[in-house]
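**Q** Please find the sequence and the predicted model below.
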Amino acid sequence: MRAKDLLKTLLDRGVFASINQALDVPTATTLAEAFSGVVSVVSFEEEMVLEVAKEETRENLKPRPPVVTVMGHVDTARPVCSTPFAKPTLPRAKPAESRSISARTKSW
């Protein structure tokens, strides 16, 4: 169904709803019946119990190897501090070369 048609039907029935709004069960049931839909109300918990019971039959189970996870150390390349409040020590830059001022540039 197109959302436009569903929203129009809701508006005709006096329900102001947007396309992203959740509907309560009675409103959703009447809306589905208006479009010849079949409605069965099942809670999430009931659905999960039925799904697990269906999957766990003896015929559906298959042997599989165990799952092994290997975790390693990730080096983030950050400077290491000895205390949490110490500033990291970074290598110092080389001092700039000193240039001598020639006699011509002195103007005083």
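**A** That came through, no problem. In this text, all values refer to a predicted model and were calculated from it rather than measured experimentally. Numbering: from 1, shown residues only.

**Q** Pull the residues that contact the lowest-mean-pLDDT helix or strand in the chain.
**A** When the helices and strands of the chain are scored by mean pLDDT, DSSP states H and E, helix 44-55 comes last with a mean of 77. For helix 44-55, contacts defined as C-beta atoms under 8 Å, 6 or more residues apart in numbering pick out residue 42. Using the backbone N, CA and C atoms, a C-beta is placed for each residue, glycine as well.

**Q** buried stuff in it?
**A** Buried residues in helix 44-55, defined by neighbour count with 16 or more other C-beta atoms under 10 Å: none.

**Q** what do you get for stretch 19-31?
**A** Result for stretch 19-31 [16+ other C-beta under 10 Å]: buried residues residue 31.

**Q** Surely residue 6 and residue 32 touch.
**A** No: using C-beta atoms under 8 Å, residue 6 makes no contact with residue 32, being 9.6 Å away.

**Q** Strands of the protein, residue ranges please.
**A** With DSSP state E, there are no strands along the chain.

**Q** where are the low-confidence patches of it?
**A** Along the chain, the model assigns pLDDT under 70 to residues 55-56, 75-91, 93-108.

**Q** Could you rerun that using 80?
**A** Applying pLDDT under 80 to the chain flags residues 50-61, 71-108.

**Q** CA atoms only: put stretch 31-49 into CSV for me.
**A** The C-alpha coordinates for stretch 31-49 follow below in CSV (Å, rounded to 0.1, in the frame of the first residue of the first chain):
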residue,chain,number,x,y,z
LEU,A,31,-6.9,0.5,9.1
ALA,A,32,-5.8,-3.0,7.9
GLU,A,33,-9.4,-4.2,7.8
ALA,A,34,-10.4,-1.2,5.6
PHE,A,35,-7.8,-2.4,3.0
SER,A,36,-8.9,-6.1,3.3
GLY,A,37,-5.9,-7.1,5.4
VAL,A,38,-5.8,-10.0,7.7
VAL,A,39,-4.9,-9.0,11.3
SER,A,40,-3.3,-11.2,14.0
VAL,A,41,-2.0,-9.5,17.1
VAL,A,42,1.1,-11.2,18.6
SER,A,43,3.3,-9.6,21.1
PHE,A,44,7.1,-9.4,20.6
GLU,A,45,7.8,-11.9,23.4
GLU,A,46,5.3,-14.4,22.0
GLU,A,47,6.8,-14.1,18.5
MET,A,48,10.4,-14.7,19.9
VAL,A,49,9.2,-17.8,21.9
